[in-house]
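1. the following block contains a protein sequence and its predicted model.
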Amino acid sequence: MAVRFKQRSIIPGFGLALGFTLLYLCLIALIPLSATFLKASTLTWHQFLRVALAPRAMASYRLSFGGSLVAALVNLVFGVLVAWVLVRYEFPAKRLFDSLVDLPFALPTAVAGIALTTIYAPNGWLGKPFAAIGIHTAYSQLGVVIAMTFIGLPFVVRTVQPVLEDLDKELEEAAASLGAGRWQTFRRVLLPSILPAALTGFALAFARAVGEYGSVIFIAGNMPMRTEITPLLIISKLQEYDYAGATAIAVVMLVASFVLLLAVNALQRWSSRQRTNESAVDAGLPSSNLQSIPIQEASR
Amino acid sequence: MTASASWVTQNVPSRPRAATKATSEPAAVCWLLTGVALIFLGAFLFLPLAVVFGTAFQKGLSFYFSSLSEPDALAAIRLTLLAAGIAVPLNLVFGVAAAWAIGKFEFIGKSVLITLIDLPFSVSPVVSGLIYVLLFGLQGLLGPWLIAHGVRIIFAVPGIVLATIFVTFPFVARELLPMMQAQGNDEEEAALTLGASGWQTFFRVTMPNVKWALLYGVILCNARAMGEFGAVSVVSGHIRGLTNTMPLHIEILYNDYQFVAAFAVASLLALLALLTLVVKSIVEWNARLQLAEQVSAGEEVAR
């Protein structure tokens, strides 16, 4: 049987909606993106590698990717903890804390940047006590990690939370009745169930932090080779009218974004497959409605 | 529950004591976990908000309002409103079209399309701005031709609008899509069978079902459009009073050591962010109600 491009449906408007979507995507995203690769292709391999692998660029990759990794790991641990506390425990102002988790999505990055810098500056609310014990928070690599942690905070919480809400209490009861302690139950029963969602959140937080600019540049101090993130290096190349250099480094970042995007997609598929399997155990509900909302919601 | 655990309690339905114990943690662990989580959230979420509003009003109300009403600040506010005013409606139309095509139909390449819509989430804002510079800038592919015809896009308002559109185009689509998929096609098919036209079905059946998600998508898109910094910073050229949006104005004030004025402008954007969170809470509450109704209806049917 011939493969149809689109399944038959009586609902109208497919051509119009898809056509407009594709046109818009091409004009806004695909044409400008391909212009970037076209521009990069005017460089020879030798030129491209000389710019993309220059010591200053390498130092910025180390900070951008290394810092993002540390920040995403912090968010992985604390995100699972916060999701657990929000789902399992009752405490005053819980709804308020729950809503505020999304603040890093909604707060403009420049505002977050100057606020974090003020807090962690040597005379700031948290910067001062840290400075007293000899830890420099703002204007150091630690400051970069702090800003990246802020920006990635909601992802793990929001991917893990719906999974924990849907988890069957009976599994834990079964584990307990078979003699597992609480920690054993968590490690052997709960952790495997939330792992795909937690890793999806981790990858999303990492991807967001790698490209982050606004909230990081204020707190970073921006010293070349030490506290200069890759997006800032692109900007300084632009300010020196070094368009070829900026393009080469942008291509490196774009390739990294595409790889991360594919990784996130694969993790999401794994995560939703796991949840579909689990909710099939649920009490005979037509559960297709129930799953799709939280998973997609979290993938924002 | 023991009396000591009354402040932080666990979400377990009341059962015989032994059953509760086996699937819950000791009260001390419960307290410790909650404490650590709240300190983490407090340090990362409450403190920044407190700093923004605390510093903004440090020199009193009159200084606050005069920092907002000086000509450069007003020009920045106007430009931000203009950029969001163009970007948000366009992205709204795009979001509805994309969610309709993806949510209501099965076709080949659907997951590729969803991935493409997610693109701005993983592309660095700086790179998002750069791609327009490389297309329309003086060194770009179309730049020299555009300049020769007197059209300025980079270091001018059109570039700012384009960069804003790029960074915020997924939001409406991303909010609508899960709702449209969850609703299924049954109601639309019923409406069409009963003789409604396509547009009638869309406005009378589909839209009312997704209106809350649509509202949140628009508000989130607007908050991000007004707050976009990295991409706009690359294409704007930082011309005071001409191509400075609110976030760029904040950066300039901050780098000039005018901290209180910077935070005064920042407090407007922070208010917008808080408003966004309030709308999100309302929307989620409504979605939960809707879902509960559907589930109970489903149980009725199953019976």
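-> Done, it's in.

2. backbone torsions only: list them for B:Phe169.
-> phi -70, psi -20 (degrees, to the nearest 10).

3. can you give me the neighbour number for the closest residue to it other than its chain neighbours?
-> Take B:Phe169 and drop its neighbours on the chain: the residue closest to it by Cβ to Cβ, 6 or more residues apart in numbering or on different chains is B:Asn91, 4.9 Å away. Bear in mind the C-beta positions are built from the backbone N, C-alpha and C, glycine included. One way to gauge burial is a neighbour count; for B:Asn91, by other Cβ atoms under 10 Å in any protein chain shown, it gives 29.

4. helix or strand: which one has residue 233?
-> Looking at chain A here, since you left the chain open. helix A:230-239 (DSSP states H and E).

5. my question was about chain B
-> Taking DSSP H and E as the criterion, B:Ser233 maps to helix B:230-236.

6. over to A:Arg8?
-> Secondary-structure element containing A:Arg8, defined by DSSP H and E: none, the residue being outside all helices and strands.

7. tell me the phi and psi of it?
-> Dihedral pair for A:Arg8: phi -60, psi 140, per degrees, to the nearest 10.

8. burial check on it, number of neighbours?
-> Neighbourhood size, A:Arg8 [other Cβ under 10 Å]: 7.

9. so what's it scoring on pLDDT?
-> What the model reports for A:Arg8 is a pLDDT of 82.

10. and B:Leu138, how far is that from chain A?
-> To chain A, B:Leu138 is 9 Å away according to Cβ to the nearest Cβ, to the nearest Å.

11. just say helix, strand or coil for that residue.
-> coil (DSSP: H, G, I helix; E, B strand; the rest coil).

12. excluding covalently adjacent residues, which one is nearest to it?
-> Excluding its sequence neighbours, the residue lying closest to B:Leu138 (Cβ to Cβ, 6+ apart) is B:Ile147, at 6.6 Å.

13. the residue nearest to B:Phe169 against B:Ile165, yeah?
-> Yes - between B:Asn91 and B:Ile165 there is a contact under Cβ atoms under 8 Å: 6.3 Å.

14. in the stretch 51-200 of chain B, what residue is nearest chain A?
-> Taking Cβ to the nearest Cβ, chain A has its nearest neighbour within the stretch 51-200 of chain B at B:Ser124, 2.8 Å off.

15. would you mind finding the longest helix in the chain?
-> No chain in the question, so chain A it is. Selection of the longest helix in chain A by residue count, based on DSSP state H, yields helix A:243-279.

16. oops, wrong one, chain B.
-> Taking residue count as the measure and DSSP H as the definition, the longest helix of chain B comes out as helix B:259-302.

17. and that helix with chain A, contact?
-> Yes - Helix B:259-302 comes into contact with chain A (Cβ under 8 Å from any Cβ of the partner chain), by way of B:259, B:262-263, B:266, B:269-270, B:272-274, B:276-278, B:280-281, B:287, B:291, B:294-295, B:298-299, B:302.

18. now do B:His238: how many residues are near it, please.
-> For B:His238, the neighbour count with other Cβ under 10 Å is 14.

19. now do the contacts for the residue nearest to B:Phe169.
-> B:Ile165, B:Thr168, B:Phe169, B:Phe171, B:Val172, B:Cys221, B:Ala225 (Cβ atoms under 8 Å, 6 or more residues apart in numbering or on different chains).

20. in JSON lines, list those along with neighbour count.
-> JSON lines is the format used below for the contacts of B:Asn91 (neighbours: other Cβ atoms under 10 Å in any protein chain shown):
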{"residue": "B:Ile165", "neighbour count": "25"}
{"residue": "B:Thr168", "neighbour count": "27"}
{"residue": "B:Phe169", "neighbour count": "25"}
{"residue": "B:Phe171", "neighbour count": "28"}
{"residue": "B:Val172", "neighbour count": "28"}
{"residue": "B:Cys221", "neighbour count": "29"}
{"residue": "B:Ala225", "neighbour count": "26"}
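
21. out of these, the closest to B:Gly184 would be?
-> Minimum distance to B:Gly184 across these is 20.5 Å, recorded for B:Val172 (Cβ to Cβ).

22. helix or strand: which one has that closest one?
-> When secondary structure is defined by DSSP H and E, B:Val172 falls within helix B:170-183.

23. ok, then the element right after that helix?
-> Per DSSP H and E, helix B:170-183 leads on to helix B:186-193 as the next helix or strand towards the C-terminus.

24. mind listing what's buried in that next one?
-> In terms of neighbour count (16 or more other Cβ atoms under 10 Å in any protein chain shown), helix B:186-193 has its buried residues at B:Glu188, B:Ala191, B:Leu192.

25. next one: the first one from B:Phe169, what distance?
-> According to Cβ to Cβ, to the nearest Å, B:Glu188 stands 25 Å off from B:Phe169.

26. try the last one
-> Taking Cβ to Cβ as the measure, B:Leu192 and B:Phe169 are separated by 29 Å.

27. burial of B:Leu248, as a residue count?
-> 24.

28. that one contacts B:Gly237, correct?
-> No - under the criterion of Cβ under 8 Å, B:Leu248 is not in contact with B:Gly237, lying 9.8 Å apart.

29. quick check, the residue in the stretch 201-300 of chain A closest to chain B?
-> Proximity of the stretch 201-300 of chain A to chain B (Cβ to the nearest Cβ) peaks at A:Gly211, 2.8 Å away.

30. I'd say that residue and B:Pro120 touch.
-> No - counting by Cβ under 8 Å, A:Gly211 sits too far from B:Pro120 to count as a contact (10.0 Å).

31. quick one: low-confidence ranges for chain B?
-> Scanning chain B with the threshold set as pLDDT under 70 gives B:1-7, B:10-22, B:240, B:300-303.

32. let me see the contact set for the spatially most central residue of it.
-> Nearest residue to the geometric centre of chain B (Cα atoms, centre = their mean): B:Leu220, 2.7 Å. B:Leu220 sits next to A:Phe105, A:Ala106, B:Phe171, B:Glu175, B:Thr276, B:Lys280 when contact means Cβ under 8 Å, 6+ apart.

33. report the two members of the residues you listed separated by the largest distance.
-> Using Cβ to Cβ, the contacts of B:Leu220 span at most 13.2 Å, a distance reached by A:Ala106 and B:Glu175.

34. who has more neighbours out of those two?
-> Shown here are A:Ala106 and B:Glu175; by other Cβ under 10 Å, B:Glu175 has more neighbours (27 against 23).

35. out of everything not next to it in sequence, what's closest to that one?
-> With Cβ to Cβ, 6+ apart, the residue lying closest to B:Glu175 is B:Gly217, at 3.3 Å.

36. same thing with A:Ile249?
-> A:Ile234 (5.3 Å).

37. ok, the one you found - contacts?
-> A:Ile234 sits next to A:Ala246, A:Ile249, A:Ala250, A:Met253, B:Val126, B:Val127, B:Leu130 when contact means Cβ under 8 Å, 6+ apart.

38. and of those, the nearest to B:Ala50?
-> Of all these, B:Val126 has the smallest distance to B:Ala50: 29.2 Å, by Cβ to Cβ.

39. could I get the full set of strands for chain A?
-> Taking DSSP state E as the criterion, chain A contains strands spanning A:89-90.

40. show me the shaky parts of chain A.
-> Within chain A, the ranges that satisfy pLDDT under 70 run A:1-3, A:278-300.

41. 50 instead, please
-> Applying pLDDT under 50 to the predicted model, the residue ranges of chain A that meet it are A:1, A:282-300.

42. quick one on the thing from earlier: of the residues of helix B:259-302 next to chain A, select the buried ones using a ChimeraX command.
-> Filtering these down to the buried ones (16+ other Cβ under 10 Å) takes a single ChimeraX command:
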select /B:259,262,263,266,269,270,272,273,274,276,277,280,281,287,298
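
43. about what we covered before: quick one: the contacts of B:Leu220 as CSV, columns for distance to B:Thr23 too.
-> Written out in CSV, the entries for these read as follows (distance: Cβ to Cβ, whole Å):
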residue, distance to B:Thr23
A:Phe105, 33
A:Ala106, 36
B:Phe171, 39
B:Glu175, 35
B:Thr276, 37
B:Lys280, 31
